[in-house]
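Student: quick check, what structure comes out for this input:
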Amino acid sequence: MKNLLISATALALSAGFAMADTVRMGTEGAYPPYNFLNDNGEVDGFERELGDELCKRAELECEWVTNAWDSIIPNLTSGNYDTIIAGMSITDERKELIDFTQNYTQPDPSSYLAASEGVDLEGGVIAAQTGTIQASHVAASGATLVEFATPDETVAAVRNGEADAVLADKAYLAEIAEADADLTLVGDDVLLGGGIGMGLRKSDTELRDKFDAAIQSMKDDGTLNELIVKWLPESAPF
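Tutor: Below you'll find the model as predicted:
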């Protein structure tokens with residue numbers, strides 16, 4: 001009976017998209033300009049505009065769901081939503097757990113943000129968001145990694161002296177550095193990952209193919225590059 005129940009549960013999860021009337025788009029809502037909540041509490045940013053256009057081209061009804069970053073993959077695989085569209089870089093480690101569409105950004109540079117020039121990026125204390133490619137890079141670099149659940153907390157760690165610098169996507173940190181005279185980008189940019197794509201359950205091949213085709217159509221007609229220039233001016237277009 002236990003095996004039957006497990007099989008039934010697996011079947012239900014594998015059929016999740018086929019049975020659903022609405023595709024639930026999971027995002028963090030806390031990582032501008034990729035995704036954030038606007039003054040009305042609605043998901044906004046590059047990925048909101050991109051996701052809405054992809055759903056339109058794929059002829060899908062979609063709704064947006066926010067989820068904390070540290071549980072965003074487990075809650076996809078458990079069926080809380082149908083996609084991840086949250087600035088998630090495509091990596092071999094993540095591909096063991098979920099599938100990805102083709103990338104909708106090139107590999108973007110990661111940057112260090114600090115309170116001043118001259119901080120020790122190789123042997124100092126570096127903050128990064130838990131479960132990111134930046135955290136993995138810092139852990140392997142010889143620096144001391146301190147991890148936080150949200151991107152805001154990583155920046156706060158630099159402000160309060162808990163960390164010497166934070167490593168994150170340059171598109172995220174550049175806006176902070178521009179707005180805060182006490183913080184500055186330091187060191188060289190770091191290229192990590194294979195670009196950003198939509199994450200999906202491995203069983204949802206039909207849904208993956210629909211979004212793959214929609215992303216390709218936006219690459220082909222130039223509209224994806226228009227969004228990249230609008231929201232991610234530091235990123236390389238296709």
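
Student: okay, now the sheet partners of the helix or strand containing residue 128, with direction.
Tutor: Following DSSP states H and E, one finds residue 128 within strand 125-129. Next to strand 125-129 in the sheet, as set by DSSP bridges, lie strand 144-148 (parallel), strand 165-169 (parallel).

Student: for residue 37, which non-adjacent residue is spatially closest?
Tutor: residue 29 (4.9 Å; CB to CB, 6 or more residues apart in numbering). C-beta coordinates here come from the backbone N, C-alpha and C atoms, glycine included.

Student: give me phi/psi at the most centrally placed residue in the chain?
Tutor: With distances taken as CA atoms, centre = their mean, the residue of the chain nearest its centroid is residue 87 (2.0 Å). Dihedral angles of residue 87 (phi, psi; degrees, to the nearest 10) stand at phi 60, psi 30.

Student: and the gap between it and residue 48?
Tutor: As for residue 87, its distance to residue 48 is 12 Å (criterion: CB to CB, to the nearest Å).

Student: residue 71 now?
Tutor: Per CB to CB, residue 71 is found 21 Å from residue 48.

Student: related to what we said a few turns ago, shared neighbours of residue 87 and residue 48, anything?
Tutor: residue 35 (CB atoms under 8 Å, 6 or more residues apart in numbering).

Student: ok so, going back, mean neighbour count, the strands paired with strand 125-129: which tops it?
Tutor: strand 165-169 (a mean of 28; mean count of other CB atoms under 10 Å).

Student: coming back round to it: was I right about the residue nearest to the centre of the chain contacting residue 29?
Tutor: No: the pair residue 87 / residue 29 is not scored as a contact, 10.9 Å apart, by CB atoms under 8 Å.

Student: which residues are in contact with each of the two?
Tutor: residue 35.

Student: would you mind writing the CA trace of the longest helix along the chain as PDB?
Tutor: The residue-count maximum for a helix in the chain (DSSP state H) belongs to helix 205-221. C-alpha atoms of helix 205-221 as PDB (Å, rounded to 0.1, in the frame of the first residue of the first chain):
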ATOM      1  CA  THR A 205       8.600  18.400 -20.600                       C
ATOM      2  CA  GLU A 206       5.500  19.800 -22.500                       C
ATOM      3  CA  LEU A 207       5.600  23.000 -20.500                       C
ATOM      4  CA  ARG A 208       9.400  23.400 -20.900                       C
ATOM      5  CA  ASP A 209       9.100  23.000 -24.600                       C
ATOM      6  CA  LYS A 210       6.400  25.700 -24.800                       C
ATOM      7  CA  PHE A 211       8.500  28.200 -22.900                       C
ATOM      8  CA  ASP A 212      11.600  27.200 -24.800                       C
ATOM      9  CA  ALA A 213       9.800  28.000 -28.100                       C
ATOM     10  CA  ALA A 214       8.600  31.300 -26.700                       C
ATOM     11  CA  ILE A 215      12.100  32.300 -25.500                       C
ATOM     12  CA  GLN A 216      13.500  31.500 -28.900                       C
ATOM     13  CA  SER A 217      10.800  33.500 -30.700                       C
ATOM     14  CA  MET A 218      11.800  36.500 -28.500                       C
ATOM     15  CA  LYS A 219      15.400  36.100 -29.400                       C
ATOM     16  CA  ASP A 220      14.600  35.800 -33.100                       C
ATOM     17  CA  ASP A 221      12.500  39.000 -33.300                       C
END
